[in-house]
Structure formats: structure tokens, C-alpha cells
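In: Starting from these lines, generate the structure:
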Amino acid sequence: MPYLSLVIWVPILGGIVVLAADRLRLRWLDVRWLALGFSILTFALSIPLYTGFDVTTSAMQFVEKVPWIASYDVNYFLGVDGISMPLIILTSFMTIIVVMACWKVIQYKLAQYLAAFLIMAGLMNGTFAALNAVLFYLFWEAMLIPMFLIIGIWGGERRVYAALKFFLYTFLGSVLMLVVFIWLYLRTGSFDILGFYNLDLGLVPQILIFMAFFAAFAVKVPMVPVHTWLPDAHVEAPTGGSVILAAILLKMGAYGFLRFNLPIAPDASMTLEWFMIVLSLIAIVYIGLVAMMQKDMKKLVAYSSIAHMGFVTLSFFVIFMIWQNTGSLDGARLAVEGGLVQMISHGLISGGLFLCVGVLYDRMHTHEIAEFSGVVKPMPKYGYFFLAFMLANCGLPLTSGFVGEFMVILGSFQANFWVSVLTAVALITAASYSLYLIKQVVFGKVKNERVAALKDISPREILILTLVFVPVLLIGLYPQIILRVMHTTVTHLLAQVVSSALG
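Out: Numbers count the residues shown, from 1 in each chain. Modelled structure (predicted):
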């Protein structure tokens with residue numbers, strides 16, 4: 001069965017059906033249930049990608065290849081490995097969550113809102129599965145449109161500014177990526193991404209390719225200094241938009257570094273490793289301090305996302321230092337696998353945090369920290385979830401937040417002592433702003449009559465937050481559940497990259 005095509009086109013079809021049902025004014029058919037059905041079906045179709053995955057091979061699996069534009073070797077070419085498959089499952093799962101989260105919140109153009117998320121889910125799955133550069137670029141660019149509309153139509157007061165800033169930042173960086181794809185096609189005669197890995201290039205062309213890809217992927221992560229669009233986008237986006245933005249869209253930049261920069265430009269990756277490490281450390285340390293200064297809950301969580309994604313990019317570019325210091329790939333594999341676990345973990349935890357912030361915003365229509373105090377008294381059930389996600393965010397052991405960051409710190413220790421020290425400092429800053437937010441919002445005296453009148457979370461909200469937190473706890477208790485599918489792929493990638501760069 002073509003599972004990859006199904007997880008791409010079923011949600012896109014679902015979005016079209018939801019729009020058609022609304023257009024035909026089928027009052028007997030609730031578009032919320034229709035969208036939920038398509039999102040659950042998409043997630044169900046993604047499960048065989050995990051259960052049927054062969055962990056003993058690094059080759060692409062569930063491959064589908066059909067000629068599309070034969071004269072230019074543009075193919076409908078799909079496949080997944082241990083890096084992309086977990087991200088497709090995460091995307092399909094979080095789509096269910098955002099559909100459930102808007103159940104009673106979105107009143108304006110509900111069908112269009114749901115359709116945007118379904119279509120975006122299919123496009124994001126296509127981005128992770130595409131093995132042809134043209135197909136990848138089409139999915140990569142097309143997914144900007146639904147998010148642009150979600151922020152611009154259902155966002156806050158400055159939604160148009162935030163939507164335009166998001167679109168311009170992400171689109172302009174991608175133009176250079178297209179130029180590189182065309183240049184690589186002229187050198188290889190093919191747009192197949194796997195064929196690019198075998199191209200023997202000099203250092204200067206590799207550096208130019210690396211920087212072009214950097215322009216596209218660094219904005220998506222986002223890395224310093226091209227991160228300024230993210231806080232604005234998060235603050236103005238509706239809750240569902242913030243959840244998908246943090247949980248999935250940021251991961252695409254990190255995925256691009258692994259899929260393109262390292263294997264296509266290994267010499268440039270090694271030459272520019274300190275450039276990437278320094279930018280990652282700035283995100284980890286400095287942006288963590290910036291998060292501590294925020295007075296808006298959404299901005300605090302947004303800056304926290306930038307800091308946590310710094311762990312991911314750091315893990316990808318310390319591999320050369322580890323190899324040079326130890327002569328072994330074990331430490332490098334530990335770091336990269338830690339970065340991948342961090343991607344999945346951050347997607348779940350940040351998604352949960354934005355849902356928690358959204359619960360308060362739906363009731364009080366403000367993100368300002370100063371407006372809240374003692375929320376646990378009128379909302380004890382909510383307080384438990386907020387505390388749980390915040391503790392996971394600062395790396396509490398037995399949660400997924402601990403596993404990824406701990407693996408990255410252990411790996412970076414084999415690269416450079418001071419890099420690992422600065423990375424470990426981030427755990428202190430993360431604990432500082434997380435505990436500060438807990439203290440200011442959840443605990444303390446109730447100083448606001450509006451807070452005292454708040455109603456605790458409903459059974460639907462409890463279900464949503466539980467669904468997100470269960471995998472956070474599961475990965476924390478048994479990380480092997482995702483490490484097992486990554487191991488062979490990461491080992492092969494590192495052997496290929498290191499041998500090309502240092503061989």
C-alpha cells in the first residue's frame with residue numbers, strides 16, 4: 001500500500017472535502033467531526049510506517065517513484081528513513097490535536113480554518129517524504145501558504161504584520177535553495193536528492209551551496225540572527241497555529257541541515273562547524289536569557305523554542321570535532337540522535353505549552369504574565385498539566401525533554417569541554433524561566449477577580465493535554481522507542497559525511 005502518498009494526499013483531500021461541505025451548506029454534517037475523521041485517518045495511515053520499518057537497513061523505505069516530467073528527470077519520488085519517518089508521525093499526530101483544540105474556540109470561518117490545517121499537514125508530510133528536489137521545493141514552499149493564512153486571518157491585532165514577516169523571511173531564504181537545486185541538476189542531470197550525495201565538489205562550491213541552504217534552513221529553525229520573525233508569529237497566531245509552528249515547522253529547518261547540508265557539502269560543513277556551533281550556543285545561552293525577561297507568556301515560550309532548537313543544530317555540527325578527538329563515531333552518533341530526540345520532544349512539549357497558554361487566553365484574552373496569579377486555585381486540573389509541561393521543558397528526568405538534551409551534552413563533551421559547559425548552563429536558564437512562569441502564573445495568591453472566576457479545564461481539554469503529555473512521558477521512560485528506528489540511518493549518514501570530509 002502506498003502509505004506515503006496516503007499520508008500526503010488524504011489530509012489534502014480532507015481539506016477540500018471540508019471546504020466543499022461548508023460551501024454546500026450541509027448542515028447535518030459537522031465540519032469539525034469531518035476534519036477530525038480525516039486527521040485520525042491520516043495518523044492511522046502513518047502508523048504502518050513505524051510498525052513496518054526495517055531498523056536493520058539505512059536504505060530508504062516505502063519508496064514510491066513515478067515519472068512526472070521525464071525530460072527533466074523530475075519524478076514523484078517518495079521515501080523515508082529513520083530521520084524523516086518519526087517526523088511524519090509527529091506531524092500527523094499533532095494535526096489531530098489542533099483540530100480538537102479549535103472545537104469551541106474558532107467561530108469565524110471554521111471550515112476554512114480546519115481545511116488550512118489539513119492541507120498543511122499533507123504538505124508537511126510531503127516535505128519530509130520527498131526525495132526529488134523539485135517535489136521537495138514545491139511542498140516546502142506550498143506549506144507556507146496555509147500558515148500565512150492561519151496567522152493573517154485568525155491571528156491577533158497585528159496579524160497582518162506577523163503573517164507578512166513570516167512569509168517574507170521564509171520565502172526569500174528558499175529562493176537560494178532553488179538556485180542550488182538547479183545548479184546541482186546541471187551537474188548531475190537529475191533532481192533526485194540521493195544522487196546529489198555522490199557529487200564530488202571542491203571546497204569553494206561546497207561553501208556556496210552550504211550558505212545557500214543555510215539561508216533557507218536557518219530561517220526555519222530559526223537560528224540567530226534570523227529568528228526575529230518567530231516571536232511575532234507566535235504571539236499573533238491562534239493557538240493551533242502556534243502549536244504547528246513550534247511542533248513541526250521549526251523542525252523542517254533542522255531536517256534540511258541533515259538531509260542537504262551535511263551529505264551534499266561535508267567539507268563545507270566541517271570548515272564552517274565553528275560558525276554553526278557559535279550560532280547554536282548563542283541561541284542556547286543568550287536567547288535563554290532573553291526568554292527570562294519576557295512579560296508575555298507566548299513570547300517566553302517562543303524564545304524558549306529558539307533556545308531548545310539550538311541544541312538540535314549544535315548536535316549536528318559537533319560531529320567533526322568528536323571524530324577528530326576520539327577517532328570514533330559513537331560520540332557523534334550520540335549527539336545526532338540526541339538532537340533528533342530533541343526535535344520530537346520539543347515538538348510535543350512546546351505544542352503542549354502553547355495549548356496551555358491557549359487555554360488561559362481563551363478565558364481571559366491576554367498573554368500577559370502580570371494578569372495571572374494563583375491559577376491553580378480555581379483551575380487545579382489545569383495547574384497539574386501546566387506544571388508537568390513546564391518541568392518537561394526544563395529537562396526534568398523521566399521526561400523526553402531530559403533525554404535529548406542529556407544526549408547532546410554528553411556528545412558535545414567529547415567535542416569540547418567549554419562547549420558542553422555552555423550547553424549545560426542552558427539547563428539552568430531553562431529551569432529559571434520555567435520555574436518563574438510557574439511561580440507567577442500557577443502559584444501565589446489570587447490577585448485578580450477574573451482569575452478567581454476562571455473555570456477549570458473541560459473533559460475535552462483534559463483529553464487533548466493528556467494525549468500530548470503521554471508520549472512526553474513515554475519517550476522519557478523508554479527513549480528506545482524512537483532511538484531504535486534512528487540508529488542505523490544516523491550511523492550510515494555519519495560514516496558517509498565524516499569519510500567524505502576527512503577521508
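In: low pLDDT regions in the chain?
Out: For the chain, applying pLDDT under 70 flags the ranges 28, 500-503.
In: Show me the longest strand that occurs in it.
Out: Counting by DSSP state E, the longest strand found in the chain is strand 61-69.
In: Residues in contact with that strand: which ones?
Out: Contacting residues not belonging to strand 61-69 are listed as 2-5, 49, 52-54, 74-81, 85, 131-132, 134-135 [C-beta atoms under 8 Å, 6 or more residues apart in numbering]. (Glycine included, C-beta is placed from N, CA and C.)
In: Among those residues, name the buried ones.
Out: By neighbour count, with 16 or more other C-beta atoms under 10 Å, these hold 3-5, 49, 53, 74-81, 85, 131-132, 134-135 as buried.
In: out of those residues, which are inside helices?
Out: When DSSP state H is applied, the buried ones among the contacts of strand 61-69 are split such that 3-5, 49, 85, 134-135 fall in helices.
In: Please compute how far stretch 16-28 lies from its chain's middle.
Out: Centre-to-centre, stretch 16-28 and its host chain are 31 Å apart (C-alpha atoms, centre = their mean, to the nearest Å).
In: Could you do stretch 247-263 as well?
Out: 9 Å.
In: Now do it: distance from first to last residue.
Out: Counting by C-alpha to C-alpha, to the nearest Å, you get 25 Å between the two ends of stretch 247-263.
In: what about the helices in the stretch 51-200 of the chain?
Out: With helices called from DSSP state H, counting those that start in this stretch, the stretch 51-200 of the chain shows them at 84-101, 110-129, 133-142, 144-154, 159-188, 193-196.
In: before we move on, what about the stretch 351-500 of the chain?
Out: Along the stretch 351-500 of the chain, the segments classed as helices by DSSP H, counting those that start in this stretch run 380-393, 400-413, 417-437, 449-452, 459-477, 480-502.
In: Mind giving me the packing neighbours of the longest one?
Out: Spelled out, that is helix 480-502. helix 84-101, helix 262-264, helix 266-271, helix 319-326, helix 330-364, helix 459-477 (3 or more C-beta pairs under 8 Å, 6 or more residues apart in numbering; DSSP states H and E).
In: how much space is there between the residue lying farthest from the centre of the chain and residue 374?
Out: Here the chain reaches farthest from its C-alpha mean at residue 449, the gap being 37.4 Å by C-alpha atoms, centre = their mean. Using C-beta to C-beta, to the nearest Å, residue 449 is found at 12 Å from residue 374.
In: What distance do you get for residue 39 to residue 303?
Out: From residue 39 to residue 303 the distance is 29 Å (C-beta to C-beta).
In: and the residue farthest from the centre of the chain, how far is that from residue 439?
Out: 21 Å.
In: Likewise for residue 115?
Out: Relative to residue 439, residue 115 is positioned 40 Å away (criterion: C-beta to C-beta).
In: between the two, which one's more packed in?
Out: residue 115 (28 against 11; other C-beta atoms under 10 Å).
In: Return the distance of the more buried one relative to residue 261.
Out: With distances taken as C-beta to C-beta, residue 115 is found 34 Å from residue 261.
In: about what we covered before: mind checking the helices of the stretch 51-200 of the chain for the one nearest to residue 212?
Out: helix 159-188 (4.0 Å; C-beta to C-beta).
In: And the closest one, what does it pack against?
Out: Contacts defined by 3+ C-beta pairs under 8 Å, 6+ apart place helix 159-188 against helix 133-142, helix 144-154, helix 193-196, helix 203-220, helix 229-236.
In: If anything else comes up later, I'll come back, but that's it for now.
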